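below are the sequence and a predicted model; questions follow.
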Amino acid sequence: MAWILQGNPNRFDIDGYLPNSPFIYWRAPRQQGEFSVGDRAFLWRAGESAGVVAVGRIRELPTARRSVSRPDALGDALWASAPADPSEAVVGVDIEEVRLTPAEGMLGREALKNHPEFRDARIIRSP
């Protein structure tokens, strides 16, 4: 299975986190029982420059932030506001590629708006 995991750059420094972290944790608020180790993960940056900014593989199943195996990889210093709730579920992802800008090959929201398989996705319809 493949997942699109969304993050808000107004709440968390996504651009500072992804290129410097070969293993990351990302929020997993829904469908926690459906993740499998090895699943493909596409990391979506919301906002004006929305799009897929990284690709990786699930390596740690969803668990509460306070119970992760690698707390140093949480990026707690990168929160713009208060850090996330310690009970919030996160999933561990090995990062394979990071592309933060169109020049680097980022797959932007505009490119997906007319794609037959993605144009009706909620992440495209309701940015």
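Structure received.

going forward, measure contacts between C-alpha atoms and count neighbours the same way
Will do.

and Arg99, what is it in contact with?
Arg99 makes contact with 52-54, 105-106, according to CA atoms under 8 Å, 6 or more residues apart in numbering.

in this protein, what spans have low per-residue confidence?
117-127 (pLDDT under 70).

give me the distance from the longest strand along it to the chain's centre.
What stands out as the longest strand in the chain, according to DSSP state E, is strand 51-64. Strand 51-64 sits 6 Å away from the centroid of its parent chain (CA atoms, centre = their mean, to the nearest Å).

next one: stretch 32-40
With CA atoms, centre = their mean, you get 14 Å for stretch 32-40.

also stretch 34-44?
That offset, for stretch 34-44, works out to 10 Å (CA atoms, centre = their mean).

and for Arg40, the neighbour number?
For Arg40, the neighbour count with other CA atoms under 10 Å is 19.

quick check: bridge partners of it?
Note on Arg40: beta-bridge partners by DSSP bridges are Ala2, Arg57.

for Pro9, see how far away it is.
Per CA to CA, to the nearest Å, Arg40 is found 22 Å from Pro9.

how about Val90, nearest residue that isn't a chain neighbour?
Arg27 (4.4 Å; CA to CA, 6 or more residues apart in numbering).
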